[in-house]
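Student: predicted model and sequence below, questions to follow.
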Amino acid sequence: MQIVTSLEELRAARRLRPAPLGLVPTMGYLHSGHISLVQRARAESESVAASIFVNPTQFGPTEDLAKYPRNLEGDLNLLEAAGTDLVWLPTPAQMYPTGYQTWVEVDGLASPLEGAMRPGHFRGVTTVVAKLFNAFQPQRAYFGQKDAQQAAVICRMARDLDFPVEIVICPTLREADGLAMSSRNSYLNTDERQAAPVLFRSLNAARAAYYAGERNAEKLRQIMTDTLIAEPLARLQYVSCADYDSLQELQEINGKILLSMAVYIGKTRLIDNFVLEN
Ligand code: PAF
């Protein structure tokens, strides 16, 4: 596995890798969810690349950039074991040198849900992902369904800006009790960790109602809310039952939907979602 830091080294290394190249962009502190993306890339691409970069521009001023968990050595071991060929470790100064002033912004899809709660977040994500696509020139790029809106926004960006890259969205990986895997789970103390599967339970409750025939979106939002507020350590930020394509809140359901939520467990903000269709 080749590890590079400068953009020049990356470009030189990239030129020597046979196509198609599958890219897994990450912020490090890798878990099995990330590794499942690498494995998928390995199974379907000639070359597999990853980036590790805790992107400062996607964190708000009150968010957890400074204490975002890091474990570079562990990450590199996991990437190597999963068959990665090339890893880029850019620095913030390289990505955003003094005088940097160009941003990539998706309008509609980036506005509701996470976009409403985390102003500027998706602008940071789409900007860095566009830069990663330019640097790696991948034929495929892999993202997790756990960040459903991020995946939708990146698909939109790739289409709108004519990036010749196929965006592959991979299923959410879960712990045995249903908690969606996330680097942020490492912030949870023992009690909080026990409480955290309430997100999964609330999604399951809404899904059960949906499959029993419920098509009133407000009822599904209420079912998720009722489950979440019954957990004393949980503080609900939003629940949503939205149209899958537009991410707009629904009243009556008659197509593919995204059930999603953001919930604080203690000081840790967790998100999760299910996609449902008939
Ligand atoms: O999902 C993430 O880890 C990040 O948002 C991404 C896509 C690597 C961009 O920094």
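Tutor: Thanks, I have it.

Student: within range of the ligand, give me the residues from the stretch 51-200 of the chain.
Tutor: 55, 58, 125, 128-129, 147, 150 (C-beta under 6 Å from any ligand atom). In short, each C-beta sits where N, CA and C put it, glycine included.

Student: let me know the closest of these to Thr172.
Tutor: For those, the residue nearest Thr172 by C-beta to C-beta is Asp147; the value is 9.2 Å.

Student: quick one, phi psi at that closest one?
Tutor: phi -100, psi 70 (degrees, to the nearest 10).

Student: cool, and Gly266?
Tutor: Phi and psi for Gly266, reported as degrees, to the nearest 10, are phi 60, psi -130.

Student: and if you look at Arg174?
Tutor: The phi/psi pair for Arg174 (degrees, to the nearest 10) reads phi -130, psi 150.

Student: can you pull the contacts of the residue of the stretch 51-200 of the chain found nearest the ligand?
Tutor: Nearest residue of the stretch 51-200 of the chain to the ligand, counting by C-beta to the nearest ligand atom: Asn55, 3.9 Å away. By C-beta atoms under 8 Å, 6 or more residues apart in numbering, the contact list for Asn55 reads 27, 95, 124-125, 128.

Student: of the residues you listed - the most surrounded one?
Tutor: For those, neighbours were counted using other C-beta atoms under 10 Å, and Val125 has the most, 25 neighbours in all.

Student: is that residue located within a helix, as I assumed?
Tutor: Yes. Under DSSP: H, G, I helix; E, B strand; the rest coil, Val125 falls within a helix.

Student: ok, now which ones touch the nearest residue to it once chain neighbours are set aside?
Tutor: Leaving out its chain neighbours, the residue that sits closest to Val125 by C-beta to C-beta, 6 or more residues apart in numbering is Gln58, at 4.9 Å. Gln58 makes contact with 120-125, 128, according to C-beta under 8 Å, 6+ apart.

Student: show me which of those is closest to Ala230.
Tutor: Nearest member of the contacts of Gln58 to Ala230, counting by C-beta to C-beta, is His121, at 29.0 Å.

Student: distance check, that closest one against Gly266.
Tutor: 21 Å (C-beta to C-beta, to the nearest Å).

Student: out of these two, which sits in the busier spot?
Tutor: His121 (21 against 16).

Student: hmm, Val106 and the more buried one touching each other?
Tutor: No. Assessed by C-beta atoms under 8 Å, His121 is found out of contact with Val106, at 11.5 Å.

Student: export the contacts of Gln58 to CSV and append columns for pLDDT.
Tutor: Shown next, in CSV, are the contacts of Gln58 (pLDDT from 0 to 100):
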residue, pLDDT
Gly120, 98
His121, 98
Phe122, 98
Arg123, 98
Gly124, 98
Val125, 99
Val128, 99
